[in-house]
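Participant: no sequence on hand, only this structure:
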């Protein structure tokens with residue numbers, strides 16, 4: 001368990017360093033295709049991290065949902081890889097997203113506390129991905145990625161609403 005906590009803390013410190021390097025977004029500039037691909041890959045890594053965390057602490061419901069989201073992330077990544085190859089760009093190594101600090105709880109945070117934390121940690125990640133796609137669609141620079149973004153948005157919005165509803169019920 002200590003190894004798991006050390007790994008999570010290493011990811012968090014990496015994310016903190018990325019934030020402190022002066023990385024800024026300009027609200028008026030639409031992100032490029034490379035920015036969107038990087039952001040969605042980061043979102044996929046977050047979902048993979050949720051699966052790892054749920055495998056350790058989650059109940060069957062949480063593990064099943066995390067596995068489903070990780071599978072969806074893998075499918076999304078395959079499509080993104082194809083678009084990325086068409087564009088001929090590489091995702092940036094900027095800010096990495098891992099299971100957020102809110103999932104790093106004391107070892108006693110199991111059961112209902114973990115389940116609430118599991119759902120709560122997803123909401124800002126989903127909102128960030130949705131906001132990124134919305135901003136991209138205001139001035140897309142690649143038709144294939146724009147079509148992909150339009151396809152993903154309704155699904156992501158439905159999933160964040162499900163997470164909010166489930167968290168409220170827990």
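Facilitator: Received, thanks. These numbers come from a predicted model, not from an experiment.

Participant: and the residue nearest the centre of the chain, what does it touch?
Facilitator: A centroid search over the chain (Cα atoms, centre = their mean) returns residue 43, at 2.4 Å, as the residue closest to the centre. The neighbourhood of residue 43, defined by Cβ atoms under 8 Å, 6 or more residues apart in numbering, consists of 73, 97, 125, 128-129. In this view, the C-beta of every residue, glycine as well, is placed from N, C-alpha and C.

Participant: looking at the chain, which helix or strand is least sure?
Facilitator: For the chain, counting by mean pLDDT, DSSP states H and E, helix 2-20 ranks last in confidence among helices and strands (a mean of 46).

Participant: after it, which helix or strand is next?
Facilitator: Once the chain leaves helix 2-20, the next helix or strand it forms, by DSSP states H and E, is helix 33-57.

Participant: quick one: average pLDDT of that next one?
Facilitator: Helix 33-57 shows a mean pLDDT of 93.

Participant: identify each buried residue in it, please.
Facilitator: Buried positions in helix 33-57, judged by neighbour count with 16 or more other Cβ atoms under 10 Å: 33-54, 57.

Participant: now swap in stretch 153-165 and tell me
Facilitator: 156, 159-160, 163.

Participant: same deal with stretch 63-70?
Facilitator: Neighbour counts over stretch 63-70 (16+ other Cβ under 10 Å) mark 63, 65-66, 69-70 as buried.

Participant: and the residues you listed, which of them are in helices?
Facilitator: Counted as lying in helices by DSSP state H, out of these, are 63, 65-66, 69-70.

Participant: lowest-confidence one in the contacts of residue 43?
Facilitator: Among the contacts of residue 43, residue 97 has the lowest pLDDT, at 42.

Participant: ends of stretch 138-148, how far apart?
Facilitator: The first residue of stretch 138-148 is 14 Å away from its last residue (Cα to Cα, to the nearest Å).

Participant: sort out which residues of it are buried, please.
Facilitator: 140, 142, 145-146, 148.

Participant: could you measure from residue 158 over to residue 130?
Facilitator: Plainly put, residue 158 is 11 Å away from residue 130 if you go by Cβ to Cβ, to the nearest Å.

Participant: typed the wrong thing, it's residue 65
Facilitator: To residue 130, residue 65 is 18 Å away according to Cβ to Cβ.
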